[in-house]
Each structure stands twice: as C-alpha cells, then as structure tokens.
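> mind folding the following:
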Amino acid sequence: MVHLIKDIKSNLTIYHTAIAGGAAGAVTRAVAQPLDVLKIRFQLQLEPIQKGSKYSSILQATTSIVKEEGIFALWSGHIPAQYLSITFGILQFSTFEKLTHLFQRTDPQYYTVHKHWINFVNGAVAAAVATVASYPFDTVRTRLIAEQKKNKAYKGFVDASAMMIRHEGFRSLFKGIIPTLGQIAPNAGIQFAVYKFFTNSILNKVQYFQRKEINVFSTIETSLLGNLLAGSIAGSVAKTVIYPFDLVKKRLQIQGFQKHRSGFGRQMYCRGVFHCVRLTVTEEGMLALYKGYWPSMLKAVLTSALHFAAYDEIKSLLLRIQGW
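Numbers count the residues shown, from 1 in each chain. The predicted model follows:
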C-alpha cells in the first residue's frame, strides 16, 4: 500500500478502515492461535527449557498439549482472543489512518519529509489506544490458556471475567498493562514504520513485487506477496526488540492464579514489573527473558504478514466495490 498526499482525496472512510482492521484481526487470530498458546506456555514455565522439562521444544510442547489436553487446547482462550484481535484491529488501523490523514492535510510537505518517523509515532499511539480498550480480553484469554484443563478454574470467557472481577476486583482485568504499553507502543511503531518503509520505498520499486493493476492515482503499489514479505520483516524486527516486555506481562497476568497451574511446575510470585524482572533474571538467568521466543517469532512473522496484507487487501476490495 502506498500512501501519497493524493490519498487525502480518496474515498477511504473510518468504516473502511474499521471493517478491514477487524476482519484482518479475526483472520490472523484464527490461524495463529496455536503459536500463541505455545508461546504463553513457554513464557510461564520457570524451569529451564531443556530436555526433561515440562515443555522443551515447539514439537514436544505441541505433542504434550495435544496428548494431555486434546487438540482443541491449542485454541484455548480463542473466543476472548478473537474479541481482542477484532477490537484491537478496528481501533489500531482506524486510529492510524486518521492520524496519518491529519498529518497529510495539516502539513503535506512535513509529512513527505518525515513520513517514516510519523508512521512510527502514529503506529505507537494507535496501538496504545487499542491496547487500553481491548486489554481485558488479553488478560482473560491468558488465564484460559494458562490453566490446567484437568484443574479448570473457569467455565469460559464470561465466567472467567465475572470471577476475576468478583474475587480480585475490576483492576485484575488490567494486570500487566504497564509493561504491555511499554512493549506495544514501540512494537507497533516499529511494525508500521518498517512495513511502510518496505512497501513505500523498497518493494514497490521491484517489478516482481509490484501490483499488476494501477490504482486511480497511477501510483505503483506492492502486490499481496510484497505486503506479506514486508509484514513478516516488520513483525520479526519488532518482536525481537520488545520481547522481554511480553514475557513480564504474561507472568503478571497470572498472579493470584498460581494454584490452578500446580501441574506445570514451579510458580512465580511477584509484586510488579521490576520485581518480576529481577526474579526472572536472578532465578532463571538473563536469557529467560526470551523464553518462548521461537514460537513467538514464528507467530510474529505469520501474524504481521497476515495482518498487514489482509488489511490492505480487504481495504482495497472495499474501495473497488464502491467503484474505485
């Protein structure tokens, strides 16, 4: 997708971006949920990830989960995860597009010169807004993924939400939101900046990655394959930079829930972000901050590629339906 100043005159509306963002989030979540389950299980394991531990590799963990809990355990927490992805997608992309168009209209020259930094800032702000609004879904789905299926704490999404509020207070739905905002803003900022850089300045100049049809402004856009490649690069770069924040967030989200995870080994009890980081590094070593990195990286590459590509394709389809 190529954003030029001429795009200000386009028929792109808040409804286009909301529909495209929500649909892209739903598709991505359905495909990538098993990798998310694996990532979270690794992140919450205090024992070293090595042969003999509860989960020692992606293949072993997948086999173990399916054997002990059934194939559908790989989609644990899928309903709140879908709510999370759809809500996040709608707010993130619509906010990003609105901010981008605002910059374009206010000072076109400034936008042209500084568009990569502007994409970073807009992506960070959009993600922060989407995170605060959708965060309770993230906390609930983490609890549903983390629980032992033979020692269930909740009957489902609604029951989990109600019990958390009743026994732990409404604030429990926002456990871990500080490290989440610490990771999601730069993560999204990097993703949008890298994605736009590759689609706007690199891949759209390579014939193999150019879209065959020319848009109404006679500008050259990247193809679906180009968008997938740019999205995967953006996801891998961003995930590597912010991964420790994600691990800390997951460990904070299960505080007060440890008794339902007794079968997974030792449990961590921490009071906040810095305490969690200190305990993790002291007890497990510095590399423990990257536990679950490989399934997370696979997920990041897959989801970023699908998310951005699906968003651009759906948005283009909506515009074509309206006669563009």
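
> so for the host helix or strand of residue 162, mean pLDDT?
Using DSSP states H and E, residue 162 maps to helix 157-168. Averaging pLDDT along helix 157-168 gives 92.

> again with stretch 57-65
Averaged across stretch 57-65, the pLDDT comes to 92.

> the longest helix along the chain to helix 157-168, inter-axis angle?
Ordering each helix of the chain by length in residues (DSSP state H) puts helix 108-146 first. Counting by axes from the mean of the first three to the mean of the last three CA atoms, to 10 degrees, helix 108-146 lies at 80 degrees to helix 157-168.

> sorry, back to before: ok, then the element right after the helix holding residue 162?
Criterion used, DSSP H and E; the element after helix 157-168 is helix 177-197.

> packing partners for that following helix?
If you count contacts as 3 or more CB pairs under 8 Å, 6 or more residues apart in numbering; DSSP states H and E, helix 177-197 packs onto helix 108-146, helix 224-253, helix 273-284, helix 293-321. The C-beta positions use only the backbone N, C-alpha and C, and glycine is treated the same way.

> can you give me the angle the shortest one makes with helix 177-197?
Meaning helix 273-284. 90 degrees.

> which residues does helix 273-284 contact?
Contacts with helix 273-284, where a contact means CB atoms under 8 Å, 6 or more residues apart in numbering, come from 46, 48, 178-179, 182, 244, 247-248, 251-252, 268, 270, 288-289, 291.

> name the residues of that helix that are buried.
Buried positions in helix 273-284, judged by neighbour count with 16 or more other CB atoms under 10 Å: 273, 276-277, 279-280, 284.

> likewise the second one?
Counting neighbours by 16+ other CB under 10 Å, one finds that the buried residues in helix 224-253 are 226-239, 242-253.

> any idea how far residue 89 is from residue 249?
Counting by CB to CB, to the nearest Å, the separation of residue 249 from residue 89 is 19 Å.

> residue 50 now?
Remark: distance between residue 50 and residue 89 (CB to CB) = 37 Å.

> what does the pLDDT read for residue 153?
Residue 153 is assigned 82 on the pLDDT scale.

> so what's it closest to, chain neighbours aside?
Leaving aside its chain neighbours, residue 153 sits nearest to residue 260 (4.3 Å; criterion: CB to CB, 6 or more residues apart in numbering).

> before we move on, what about residue 46?
Counting by CB to CB, 6+ apart, the residue nearest residue 46 is residue 266, at 4.3 Å.

> so the one you found sits in a strand?
No: counting by DSSP: H, G, I helix; E, B strand; the rest coil, residue 266 is not found in a strand; it is coil.

> ramachandran coordinates for it?
With angles defined as degrees, to the nearest 10, residue 266 sits at phi -60, psi 150.

> quick revisit: elements contacting the longest helix of the chain?
Helix 108-146 sits against helix 14-43, helix 78-106, helix 157-168, helix 177-197, helix 224-253, with contacts defined as 3+ CB pairs under 8 Å, 6+ apart.

> tabulate those (CSV), appending distance to residue 61.
Listed next are the helices and strands packed on helix 108-146 as CSV, based on distance: least, CB to CB, whole Å:
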stretch, distance to residue 61
helix 14-43, 6
helix 78-106, 18
helix 157-168, 23
helix 177-197, 23
helix 224-253, 15
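
> looking at these, which is closest to residue 131?
Proximity to residue 131 (CB to CB) singles out helix 177-197 among the helices and strands packed on helix 108-146, at 4.9 Å.

> now that closest one: mean pLDDT?
For helix 177-197, the mean pLDDT works out to 89.

> buried residues, it. List them.
Of the residues in helix 177-197, 177, 179-197 count as buried by neighbour count, 16+ other CB under 10 Å.

> got phi/psi on residue 210?
According to degrees, to the nearest 10, residue 210 has phi -90, psi 140.

> list the beta-bridge partners for it.
Beta-bridge pairing for residue 210 (DSSP bridges): residue 222.

> so which of the contacts of helix 273-284 is the closest to residue 119?
residue 182 (20.1 Å).

> run a quick check on the closest one versus residue 245, I expect a contact.
Yes: in this structure, residue 182 is within contact of residue 245 by CB atoms under 8 Å, at 5.1 Å.

> could you export stretch 222-241 as PDB, CA atoms only?
C-alpha atoms of stretch 222-241 as PDB (Å, rounded to 0.1, in the frame of the first residue of the first chain):
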ATOM      1  CA  THR A 222       3.100  -3.600  -3.800                       C
ATOM      2  CA  SER A 223       1.400  -6.900  -4.500                       C
ATOM      3  CA  LEU A 224      -0.100  -9.300  -2.000                       C
ATOM      4  CA  LEU A 225       3.300 -11.200  -1.900                       C
ATOM      5  CA  GLY A 226       5.100  -7.900  -1.300                       C
ATOM      6  CA  ASN A 227       2.800  -7.000   1.500                       C
ATOM      7  CA  LEU A 228       3.300 -10.400   3.100                       C
ATOM      8  CA  LEU A 229       7.100 -10.100   2.900                       C
ATOM      9  CA  ALA A 230       7.100  -6.600   4.300                       C
ATOM     10  CA  GLY A 231       4.700  -7.600   7.100                       C
ATOM     11  CA  SER A 232       6.900 -10.600   8.100                       C
ATOM     12  CA  ILE A 233      10.000  -8.400   8.200                       C
ATOM     13  CA  ALA A 234       8.300  -5.800  10.300                       C
ATOM     14  CA  GLY A 235       7.000  -8.400  12.700                       C
ATOM     15  CA  SER A 236      10.300 -10.100  13.300                       C
ATOM     16  CA  VAL A 237      12.200  -6.900  13.900                       C
ATOM     17  CA  ALA A 238       9.600  -5.500  16.300                       C
ATOM     18  CA  LYS A 239       9.200  -8.800  18.200                       C
ATOM     19  CA  THR A 240      12.900  -9.100  18.800                       C
ATOM     20  CA  VAL A 241      13.200  -5.600  20.200                       C
END
